[in-house]
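# need coordinates for the below:
(one chain, ligands or ions: 2)
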Amino acid sequence: MGCFPCGGGSNKKTKKEDQIPPPSGEKSEKASRSASSKDGPVDVKKEGASSESNGSQQISAQTFTFRELAAATRNFRPDCFLGEGGFGKVYKGRLESSNQVAIKQLDQNGLQGNREFLVEVLMLSLLHHTNLVNLIGYCADGDQRLLVYEYMALGSLENHLHDLTSEKKRLDWNTRMKIAAGAAKGLEYLHDKATPPVIYRDLKCSNILLGEGFHPKLSDFGLAKLAPVGDNSHVSTRVMGTYGYCAPEYAMTGQLTIKSDIYSFGVVLLELITGRRAIDTSKTAGEQNLVAWVSSLPRSQIVIIRKFFVFMVVILMI
Ligand SMILES: Nc1ncnc2c1ncn2[C@@H]1O[C@H](COP(=O)(O)OP(=O)(O)OP(=O)(O)O)[C@@H](O)[C@H]1O
Ligand SMILES: [Mg+2]
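Ligands and ions are numbered 1, 2, ... in the order given. Presented below is the predicted three-dimensional model:
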């Protein structure tokens, strides 16, 4: 993948935006299909679904006041802090109803904003599946933007694959397969069951959250797009995604298709097989990009990785 232009990102939290203007004559980002556009709601054929879906669903998420969420996290106390991404900080909280939740607070000076917030609320209000994280509600008091999710007790796949501590055991092969299969089912739901289909655009290990028993759920839909319908083969967009996971043809042309997610899924499979990060700037130049590194291996080693890869894909298809 030597021609892949997204290789410059060194900070994994540095979201996203290697912006390439859409090729001339094609629709701009604003005009292209997105969940926040006037295209209408997503109609979903349910699987593990928790609400009605007939193409005219109402937003199912609850609204919270800032005061309620401050109380749930005991004023965003540091010991409730779970982690931080491009959107902002994430805290563990407990609602009055006694539910444990994860609360993500928009960083007002951060890289993401209202648009991602709106797309996240819309998408997760309309899409329901056992392998997608459940959005419980949101807060849009004044300038505050917070998202309230079900709490995923085991954190993200990234936490379990990389930077292991002595308390955290290396994932066994069966668990890796279970996670890959669950993530694939979530993706299949977005691509094949939602109408129109949804392109996720942000599939990566940190967005695969793990519940009890390592049950995986896809999270973070702020970049999701409605897929092209009819004769259109792609959606033209600004290139958004995360370095190392972004399909090269999308990064080069801005033409987004469902296959872009499949490329990202392939990178996640490679991470599960090799235990290496998609991008690892602590390694030497030739080893920083996982896909480029695997491609540069001697043929005999590529054959072994390919066997694992094919094995995983075949199991996923059963
Ligand atoms: N619903 C949740 N339950 C438990 N932990 C969560 C939940 N959502 C997020 N987290 C934790 O919060 C941390 C930050 O997540 P976040 O999605 O904001 O960032 P990220 O995925 O690491 O980066 P990016 O912004 O690029 O997607 C992650 O380490 C994740 O483990
Ligand atoms: Mg995330």
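
# okay, CA-based contacts and neighbour counts for the rest of this
Noted.

# residues from this structure in reach of ligand 1?
Contacts of the chain with ligand 1, taken as Cα under 6 Å from any ligand atom, map to 13, 15, 82-88, 90, 102, 149-153, 155-156, 206-207.

# mind listing what's buried along the longest helix seen in the chain?
Criterion DSSP state H: the longest helix present in the chain is helix 299-317. Using 16 or more other Cα atoms under 10 Å as the test for burial, helix 299-317 gives 305, 308-309, 312-313.

# rewinding a little: buried subset of the residues of the chain next to ligand 1?
Applying 16+ other Cα under 10 Å to the residues of the chain next to ligand 1 flags 15, 85-88, 90, 102, 149-153, 155-156, 206-207 as buried.

# where's the dip in pLDDT among the residues you listed?
Among these, Lys15 carries the lowest pLDDT, at 42.

# quick one: low-confidence parts of the stretch 101-250 of the chain?
Across the stretch 101-250 of the chain, nothing is flagged by pLDDT under 70.

# which residue, other than its chain neighbours, is closest to Ala181?
Using Cα to Cα, 6 or more residues apart in numbering and skipping residues adjacent in sequence, the residue nearest Ala181 is Leu316, 5.6 Å away.

# before we move on, what about Leu226?
Using Cα to Cα, 6+ apart, the nearest residue to Leu226 is Val198, at 4.6 Å.

# how close does the one you found get to Gln112?
Taking Cα to Cα, to the nearest Å as the criterion, Val198 is separated from Gln112 by 20 Å.

# quick one: which of those two has more around it?
Val198 (27 against 19; other Cα atoms under 10 Å).

# next, work out how far apart that one and Cys205 are.
The gap separating Val198 from Cys205 is 19 Å, by Cα to Cα.

# also Met123?
Counting by Cα to Cα - Met123 and Cys205 are separated by 20 Å.

# mind listing what's buried in the helix or strand containing Val121?
For Val121, the enclosing helix or strand under DSSP states H and E is helix 114-126. Residues of helix 114-126 classed as buried: 114, 116-126 (neighbour count, 16+ other Cα under 10 Å).

# ok, now stretch 208-227?
Buried residues in stretch 208-227 (16+ other Cα under 10 Å): 208-211, 214-227.
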